[in-house]
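*Asks:* Here you go, sequence then predicted model.
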Amino acid sequence: MNPSELWVAYATIVRKEAIRYLRVWSQTLLPPVVTMSLYFVIFGGFIGSQIAPINGYTYMEFIVPGLIMMSVIMSSFMHTVSSFYFAKFQKTLEEIMVSPTPYPVVIAGYVTGGVLRGMTIATLVMVVASFFTDVTMAHPGIMLLFALLTSVLFSMIGLLNGVFANSFDGISIVPNFVLTPLTYLGGVFYSITMLPPFWQSVSHGNPILYMVNGFRYGFLGVSDVSVTLAAGLLGSLTAGLFIYTWYLFKTGRGLRA
Amino acid sequence: MVSALSIKELKKTYGNGVVALKSVSLEVEEGDFFALLGPNGAGKTTLIGIVSGLVNKDSGEVKIGDLSIDEESAQAKLHVGVVPQEFNFGIFEKVENIVVDQAGYYGIPRKRALVAAEKYLKQLGLWEKRHEQARSLSGGMKRRLMIARGLVHEPKLLILDEPTAGVDIELRRDMWDFLRELNAAGVTIILTTHYLEEAEQLCRHVAIINQGEIVERGEIKTLLASMEEETFVFDLGSSVSTEGIAKLQPFRASVGDRSVELTLTKEHTLDKALLALHGLGLEVKSLRNKTNRLEEFFVQKTGKSNKS
């Protein structure tokens, strides 16, 4: 396929993925917005008003980037894992697999779908946050970079989960038992400087800490970790997972009998 | 001979130990209408899956035209259209979108894809349904939708895995006409079907696969001509007498009410059977094959009914 044909194939997958989540917006876009609004009201408003400023910012200002990032992580992951698993389950994936669309384009198409959903929700949550606090952006470029990198990474993880999953249980284990704990322990609601030294060290093993802090740096200009290290880590993980997913597609693991 | 599909020593064993293909070799000529027959579990769908890129082979070589599916996979796939046995489209998608999106996966821009989709949806009688969700279509319409989708990129080789399963007789005949026209236009067609009459009506060549092996292949006419025996049913003006039954035994007669089934061989020919019946004073009102001739051939080769 020549570049313009590759673009058509990529755009077809992306368009389909975008329609998929926009068509059922009440299931895909509304729930995270409602959940985050409750977080803002309860944690940011009711409880946060009783908490001392962190790094010079009110508790509401401090948790806004973390909550946006939490929505991005969950929605990007959920989009690709459900979309890809259902395509496998209903065999609609065969439509793509019999075509000459190269695997990297298929992967990029699905991941872009996840990123679009992640970015749509990030924007909606940011709009909701603006009703509760002044949303300032110290470094908009860095903010955007971390939002995009995180969304790409979790869309890719969702895709991988979809490749390996053989049942509906297989697509709920990772979000329930891996993503949720790591996100809650990834510095969304607190600065790790508030933890005892041992747990600070343990927290550094959690990749989500780097995403939340990199993103928070884009908003507030403060971070518990090196932003360069965080960006490097995210970029490396994304590149590594892309190559691994490509390998799985090529060998047919979880895709072809 | 130019091959549209060339398969050499293809082997496949699934992870659960089931040997689907032992060592299958097959050539399908360009422009042919080819039937791949076999009982359930014979390996037909595995073979089609490997050719279309949905199943990994263990070993062997598959070429679409002169393009290897291993080395020139994308180029090879451009020339193949697949119509699977099971419905594999999004049931909530609109009919037109299913076809247009499929064209997109082949790199065909939306404008051109819409034109191609219109052509095939009209030819297959689905144009009026183009804005409806696929789930609202009848079983026959869904099958035709998959044919339109398989053709939208104008493949040279179309593989149909039981395309008329569950389709009523009238629609089946319409689909046959459509496939004949397509073949006449130069598209090579490979068909698997449980309706052996369908294969006999449409196809020029046949391969019979059983337990992962090709047990017979060739031109349908030649194969049928080589049949060792054939059973005919003779509808008679009156019933055969007890004495008559004894005289018909060389034909392994099975007598019914005003009818008799006779098994004809190269030695015991139709001519001799008619003479024997006339000799008994019986009027032959009509005669017909007991089963479809290809079905009889199939059973002889596999020991199974194609519907098993």
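*Replies:* Received it, and whenever you're ready, just let me know what you need.

*Asks:* tell me what the strand or helix carrying residue B:6 is packed against?
*Replies:* Secondary structure from DSSP states H and E places residue B:6 in strand B:3-13. Judged by 3 or more CB pairs under 8 Å, 6 or more residues apart in numbering or on different chains; DSSP states H and E, the packing partners of strand B:3-13 are strand B:19-29, helix B:44-52, strand B:59-64, strand B:188-192. Using the backbone N, CA and C atoms, a C-beta is placed for each residue, glycine as well.

*Asks:* got the CA coordinates for it in CSV?
*Replies:* What follows is strand B:3-13 as a C-alpha-only set of coordinates in CSV (Å, rounded to 0.1, in the frame of the first residue of the first chain):
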residue,chain,number,x,y,z
SER,B,3,-2.9,-20.4,-11.1
ALA,B,4,-5.2,-18.1,-9.1
LEU,B,5,-4.4,-20.1,-6.0
SER,B,6,-1.5,-22.5,-5.5
ILE,B,7,-1.2,-24.5,-2.3
LYS,B,8,1.7,-26.9,-1.6
GLU,B,9,2.0,-29.4,1.3
LEU,B,10,-0.1,-27.3,3.6
LYS,B,11,-0.1,-28.6,7.2
LYS,B,12,-2.0,-27.3,10.2
THR,B,13,-2.4,-28.8,13.7
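
*Asks:* can you pull the buried residues of that strand?
*Replies:* For strand B:3-13, burial by neighbour count (16 or more other CB atoms under 10 Å in any protein chain shown) applies to B:3-7, B:10-12.

*Asks:* next one: that strand to chain centre, how far?
*Replies:* Relative to the chain's own centre, strand B:3-13 is displaced by 18 Å; criterion: CA atoms, centre = their mean, to the nearest Å.

*Asks:* Stretch B:111-121 too?
*Replies:* That offset, for stretch B:111-121, works out to 27 Å (CA atoms, centre = their mean).

*Asks:* and what of stretch A:3-14?
*Replies:* With CA atoms, centre = their mean, you get 24 Å for stretch A:3-14.

*Asks:* so where is chain B shaky, pLDDT-wise?
*Replies:* B:1, B:227, B:291-294, B:303-308 (pLDDT under 70).

*Asks:* Relative to chain A, which residue of it is the closest?
*Replies:* In chain B, the residue that lies nearest chain A is residue B:107 (2.5 Å; CB to the nearest CB).

*Asks:* coming back round to it: with mean neighbour count and distance to chain A as new columns, can the helices and strands packed on strand B:3-13 be given to me in JSON lines?
*Replies:* Listed next are the helices and strands packed on strand B:3-13 as JSON lines, based on neighbours: other CB atoms under 10 Å in any protein chain shown; distance: least, CB to the nearest CB, whole Å:
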{"stretch": "strand B:19-29", "mean neighbour count": "19", "distance to chain A": "9"}
{"stretch": "helix B:44-52", "mean neighbour count": "24", "distance to chain A": "5"}
{"stretch": "strand B:59-64", "mean neighbour count": "18", "distance to chain A": "11"}
{"stretch": "strand B:188-192", "mean neighbour count": "25", "distance to chain A": "14"}
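
*Asks:* Any chance of CSV for the ones you listed, columns distance to residue B:215?
*Replies:* CSV is the format used below for the helices and strands packed on strand B:3-13 (distance: least, CB to CB, whole Å):
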stretch, distance to residue B:215
strand B:19-29, 11
helix B:44-52, 13
strand B:59-64, 18
strand B:188-192, 15
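
*Asks:* what's in contact with stretch B:277-285?
*Replies:* If you take CB atoms under 8 Å, 6 or more residues apart in numbering or on different chains as the criterion, stretch B:277-285 is touched by B:234-238, B:240-241, B:244, B:247-248, B:260, B:274.

*Asks:* Show me these that map onto helices.
*Replies:* Of the positions in the contacts of stretch B:277-285, B:244, B:247-248, B:274 sit in helices, assigned by DSSP state H.

*Asks:* out of those, who's nearest residue B:224?
*Replies:* residue B:274 (20.7 Å; CB to CB).

*Asks:* Within range of chain B, give me the residues from chain A.
*Replies:* A:1-2, A:4-6, A:8-9, A:11-13, A:16, A:90-92, A:94-102, A:251-252, A:256-257 (CB under 8 Å from any CB of the partner chain).

*Asks:* Just the buried ones from those, in PyMOL syntax?
*Replies:* In PyMOL, selecting the buried portion of the residues of chain A next to chain B, with burial taken from 16+ other CB under 10 Å, looks like this:
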select buried, chain A and resi 1+5+6+8+9+12+13+16+92+94+95+96+97+98+99+100+101+102+256
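
*Asks:* Which residue does the stretch 1-150 of chain A have closest to chain B?
*Replies:* For the stretch 1-150 of chain A, CB to the nearest CB, closest residue to chain B: residue A:5, 2.5 Å.

*Asks:* Surely that residue is in contact with residue B:105?
*Replies:* No: taking contacts as CB atoms under 8 Å, residue A:5 lies outside contact range of residue B:105: 9.9 Å.

*Asks:* in the stretch 101-250 of chain B, which spans are helices?
*Replies:* B:110-123, B:139-151, B:169-184, B:196-202, B:220-225, B:242-248 (DSSP state H, counting those that start in this stretch).

*Asks:* The stretch 101-250 of chain A too?
*Replies:* Counting by DSSP H, counting those that start in this stretch, the helices of the stretch 101-250 of chain A are A:103-129, A:140-164, A:173-174, A:180-184, A:197-203, A:207-220, A:227-251.

*Asks:* ranking those by burial, who's on top?
*Replies:* Mean neighbour count (mean count of other CB atoms under 10 Å in any protein chain shown) peaks for helix A:207-220 among these, with a mean of 25.

*Asks:* which SSE is the residue nearest the centre of chain A in?
*Replies:* Central residue of chain A (CA atoms, centre = their mean): residue A:73, 2.4 Å from the mean position. Secondary structure assignment for residue A:73, by DSSP H and E: helix A:59-89.

*Asks:* And for the very next helix or strand once past that helix, what's in contact with it?
*Replies:* Tracing the chain C-terminally past helix A:59-89 and defining elements by DSSP H and E, one meets helix A:93-97 next. Helix A:93-97 has contacts (CB under 8 Å, 6+ apart) with A:13, A:84, A:87, A:106, A:255-256, B:53-54, B:84, B:88-89, B:101-102, B:105, B:149.

*Asks:* picking up where we left off before, now the residue of the stretch 1-150 of chain A closest to chain B: how far from residue B:113?
*Replies:* Distance, residue A:5 to residue B:113, by CB to CB, to the nearest Å: 12 Å.

*Asks:* Residue A:94 now?
*Replies:* Going from residue A:94 to residue B:113 by CB to CB gives 19 Å.

*Asks:* With residue A:40 instead?
*Replies:* Distance, residue A:40 to residue B:113, using CB to CB: 45 Å.
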